[in-house]
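Visitor: Quick one, structure for this:
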Amino acid sequence: MLEAKKLTKIYGDYVALNDLDLSVKAGEIFALLGQNGAGKTTTINLFLGFLKPSSGEAYINGISVADYPQEIKNHLAYIPETVLLYPNLTGRENLEYFSALAGFDYNKQQLGELLASAGLQHQAFDQRLAGYSKGMRQKVGIAIAIAKQAKVLLLDEPTSGLDPKASNDFSEIISTLSKNGTAILMATHDIFRAKEVATHIGIMKQGNLQAVVKSSDISANELESLYLRTV
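Guide: Next comes the predicted model:
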């Protein structure tokens, strides 16, 4: 569903991403770990088409991101660290607007069901986003991804700033999405959350993918030790 082949991004003499080879299949959650500047967000932005690669290719559902930047948007959803929604609209209204942009027409009941499936409390459906917590905004973002029927979900530091309960809720929701066949690529600093939710974990340093492990093959302590040795 999501693939990078020798994907590279260079700014002058600075190599932000170097020859990345990466594959995330349907139902997999791939967590990218690394310090700031390691290349995690650059990778996400190249898959989104926000950046043009210096060389190599990024593919979403077999489609070249560089060649078909508009078409790939039909297959993916993106949740950044800070979800950008309209604060003067309610959760239901935001969902209705963004799903309509993607070509979907849901009635009021269906919109509520989508918000509920993303874990948002019923009483918040018709409250303005200005009064939402970060975790609640994240859930509206997930509801939009579900409404779009996205096959690929890209997440950039999705649990940053969330309290433990909101972070756990988020992990449970994306685990459910992966079980339903969504391919998920997540950039994060949270080693233990990555171990808990991801099927595969990659550790990046200075634009290079230094190590890739299956989460089932490594304990949380072993992952922490590997991370500290690598970065």
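
Visitor: from here on, contacts and neighbour counts on C-alpha atoms
Guide: Noted.

Visitor: And the helices in the chain?
Guide: Ranges of helices in the chain, per DSSP state H, are 40-48, 91-101, 108-117, 134-147, 164-179, 191-197, 220-230.

Visitor: For those helices, give me CSV that also has mean neighbour count.
Guide: Shown next, in CSV, are the helices of the chain (neighbours: other Cα atoms under 10 Å):
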stretch, mean neighbour count
helix 40-48, 23
helix 91-101, 20
helix 108-117, 18
helix 134-147, 24
helix 164-179, 17
helix 191-197, 19
helix 220-230, 14
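
Visitor: Indicate which one of those is closest to Ile10.
Guide: Across the helices of the chain, Ile10 has its closest neighbour in helix 40-48 (10.4 Å, Cα to Cα).

Visitor: how close does the closest residue in space to Leu155 that isn't next to it in sequence sit to Gln210?
Guide: Distance criterion Cα to Cα, 6 or more residues apart in numbering; nearest residue to Leu155, sequence neighbours excluded, is Met186 at 4.6 Å. Met186 is 17 Å from Gln210, where distance means Cα to Cα, to the nearest Å.

Visitor: more neighbours, those two?
Guide: Ranked by neighbour count (other Cα atoms under 10 Å), Met186 and Gln210 place Met186 first, with 24 against 14.

Visitor: I'd like to check the angle between the lowest-mean-pLDDT helix or strand in the chain and helix 108-117, please.
Guide: With mean pLDDT, DSSP states H and E as the measure, the helix or strand of the chain carrying the lowest mean pLDDT is helix 164-179 (a mean of 88). Helix 164-179 runs at 110 degrees relative to helix 108-117, counting by axes from the mean of the first three to the mean of the last three Cα atoms, to 10 degrees.

Visitor: Summarise which helices and strands helix 164-179 is packed against.
Guide: helix 134-147, helix 191-197 (3 or more Cα pairs under 8 Å, 6 or more residues apart in numbering; DSSP states H and E).

Visitor: got JSON lines for those helices, with distance to Tyr68 too?
Guide: Formatted as JSON lines, those follow (distance: least, Cα to Cα, whole Å):
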{"stretch": "helix 134-147", "distance to Tyr68": "20"}
{"stretch": "helix 191-197", "distance to Tyr68": "31"}
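
Visitor: Of those, which is nearest Thr42?
Guide: Nearest of the helices and strands packed on helix 164-179 (Cα to Cα): helix 191-197, 18.8 Å.

Visitor: what's next to that closest one, contact-wise?
Guide: Applying Cα atoms under 8 Å, 6 or more residues apart in numbering, the contact partners of helix 191-197 are 29, 31, 33, 171-172, 175, 188, 201, 215, 219-220, 223-224.

Visitor: What about the residue nearest to Gly91 when sequence neighbours are not counted, how many residues nearby?
Guide: Nearest non-adjacent residue to Gly91, counting by Cα to Cα, 6+ apart: Phe125, 5.1 Å away. For Phe125, the count of nearby residues is 20 (other Cα under 10 Å).

Visitor: tell me the contacts of the closest residue to Gly119 other than its chain neighbours?
Guide: Nearest residue to Gly119, sequence neighbours excluded (Cα to Cα, 6+ apart): Lys139, at 6.4 Å. Listed by Cα under 8 Å, 6+ apart, the contact partners of Lys139 are Leu115, Ala118, Gly119, Leu120, Phe170.

Visitor: Tell me the one among those residues nearest to Tyr68.
Guide: The closest of the contacts of Lys139 to Tyr68 turns out to be Ala118 (Cα to Cα; 29.5 Å).

Visitor: circling back to that earlier point, of the contacts of Lys139, the lowest pLDDT goes to which?
Guide: Taking pLDDT as the measure, the contacts of Lys139 have their low point at Phe170 (85).
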